[in-house]
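# Structure, please.
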Amino acid sequence: MQEKKKIFYGWWIVVGSILVTATVVPSVMATAGLYQDSVVKELGINKSTFALSSTILQGLGIFVSPFISKKLANGNMKRIQNISVVLFALVFATYGLAQSPIHLYITSFVLGILFLSSAMLPVPMMVTNWFVEKKGLAMSLAMGGIGIGGAVLGPILSYCIGNFGWRKAYFIMAGIIFIIAVPTSIFIFTKKPEDKNLKPLGYSADSTQKTKNNYNVVKLGLSTKEIFKKSFFYILLFGMICNGLINTGALQQIPPALGEMHTPAIAASILSLYSLIGVFGKLLIGWINDKFGLIAAILFGGTSFTLCFISMLFAEKTMFLYGVAVFLGLGMAIGNVLPPLITSEVFGQDKYGDIYGYVNSTVQLGLSCGTLLVASIYDVSGSYKVAWMVMAIMTVLTIVSWIYSYISSKKYRINNNTKTKEKITL
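Predicted coordinates for the structure are as follows:
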């Protein structure tokens, strides 16, 4: 009886993932812009010169994700991740020593590699390995650390920059990463349950490969080379590019668009509101995935995002302004929760490591172009409205391509049992 009450170790993997995504990821994404004004003033550079460092860091994922993903899947993930987290903290601190843009760019180039191998690739891989049931909830919690970290670290770093200077703020952030993420990686993370003589949550080794609650263990009857020849693979990647475009198009361009229509105080309150709703949105989409299946989760997230862009067309009015906050918050999970879930459901757990690197590459490609696309449309048309219509269309394309790929892949599965909607228990 005592063995049944023991907490499944996979949930400790989730807790560790929250700690790592809450420290490593926001340091180069959500909070990266906080240093901008202070850095450009002291170094005597313009904002676009500083912003290029973020472009280098995130754009690098387009080219190296498949390589790193394969190394993590087939090699010693724990060793790679441990070294990467330690180096990430140390290299991040060198931002505080920068004397020129070249220094910023070199640091960003190195961090672009370590960012992938320490957090963005191994975290969803581990969650996929540890969970068959409750995978949606586990993934949404693990990736939810990104939003939590951004909300907590933002005010802390703003205070540090204002009171101690941007250089010391970089050192402090590096120290936070080292103190929290390094021990987590070393003492909590384990690549797969078999390394601890365990099985994934919900696993059942019967002849039909069904879990104890009748959930599929997806296994695709195709080799990796054969997958590369299938149309559903490329249609999925097209959807991932669109997904990246709409995410940065929304998250980085909606704030200035709202600033044109409303006072800074109102715009800031909307940003805080959708960030808060976003934490709940990630949990909700994970629950929907577990309860009703992947298609329902895609439709929920995609529809919410589409309604966000439609609301932006009329955001001068208060009702639609709050619609933006609600729908963006509910739909944000399609950016970092759904891609790993879709990859797992389409290609199966055994092919996940080989394929997810390509998925992440195309997402990164979209992310690196989304802001530029919306800004360019604004420059040409003189209005954001055309951009929001384009973003809404791309969201629909994302939904259609993902669902098509998921359904098309089913005929290549070794087992084609249908998931039942039974209540899951730990």
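
# Okay, now the unreliable bits of the stretch 101-250 of the chain?
204-217 (pLDDT under 70).

# Number of residues surrounding residue 8?
18 (other C-beta atoms under 10 Å). Using the backbone N, CA and C atoms, a C-beta is placed for each residue, glycine as well.

# Now do the contacts for residue 93.
170-171, 174-175 (C-beta atoms under 8 Å, 6 or more residues apart in numbering).

# out of these, which is most surrounded?
Neighbour max across the contacts of residue 93 (other C-beta under 10 Å) = residue 170, 24 neighbours.

# show me what contacts residue 10?
127, 130-131, 138, 193, 200-201.

# Widest-spaced pair of the residues you listed?
138 and 193 (12.6 Å; C-beta to C-beta).

# With neighbour numbers in mind, choose between the two.
residue 138 (25 against 20).

# Please verify my assumption that that one contacts residue 287.
No: counting by C-beta atoms under 8 Å, residue 138 stays clear of residue 287, with 11.1 Å between them.

# Number of residues surrounding the residue nearest to residue 98 when sequence neighbours are not counted?
Excluding its sequence neighbours, the residue lying closest to residue 98 (C-beta to C-beta, 6 or more residues apart in numbering) is residue 104, at 5.2 Å. Other residues near residue 104 number 23, with proximity taken as other C-beta under 10 Å.

# State the distance from residue 104 to residue 28.
12 Å (C-beta to C-beta, to the nearest Å).

# Please identify which of the contacts of residue 93 is nearest to residue 339.
For these, the nearest to residue 339 is residue 174 (28.2 Å; C-beta to C-beta).

# any idea how far that closest one is from residue 118?
13 Å.

# Return the member of the contacts of residue 93 nearest to residue 360.
Using C-beta to C-beta, these come closest to residue 360 at residue 174, 24.6 Å.

# measure the closest one to residue 86 for me?
From residue 174 to residue 86 the distance is 11 Å (C-beta to C-beta).

# same thing with residue 414?
Residue 414 is 40 Å from residue 86, by C-beta to C-beta.

# What about residue 223, how many residues nearby?
11.

# Need phi/psi at it.
phi -80, psi 170 (degrees, to the nearest 10).

# Quick check: neighbours shared by residue 174 and residue 86?
By C-beta under 8 Å, 6+ apart, no residue touches both residue 174 and residue 86.

# Just the CA atoms of whichever strand or helix holds residue 340, as PDB, please.
Using DSSP states H and E, the element containing residue 340 is helix 338-347. Taking Å, rounded to 0.1, in the frame of the first residue of the first chain, the C-alpha atoms of helix 338-347 are listed here in PDB:
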ATOM      1  CA  LEU A 338       1.700  22.200 -28.300                       C
ATOM      2  CA  PRO A 339       4.800  21.700 -30.600                       C
ATOM      3  CA  PRO A 340       6.400  19.000 -28.400                       C
ATOM      4  CA  LEU A 341       3.000  17.300 -27.700                       C
ATOM      5  CA  ILE A 342       2.200  17.300 -31.500                       C
ATOM      6  CA  THR A 343       5.600  15.900 -32.300                       C
ATOM      7  CA  SER A 344       5.100  13.100 -29.700                       C
ATOM      8  CA  GLU A 345       1.600  12.200 -31.000                       C
ATOM      9  CA  VAL A 346       2.500  12.300 -34.700                       C
ATOM     10  CA  PHE A 347       5.900  10.600 -34.700                       C
END
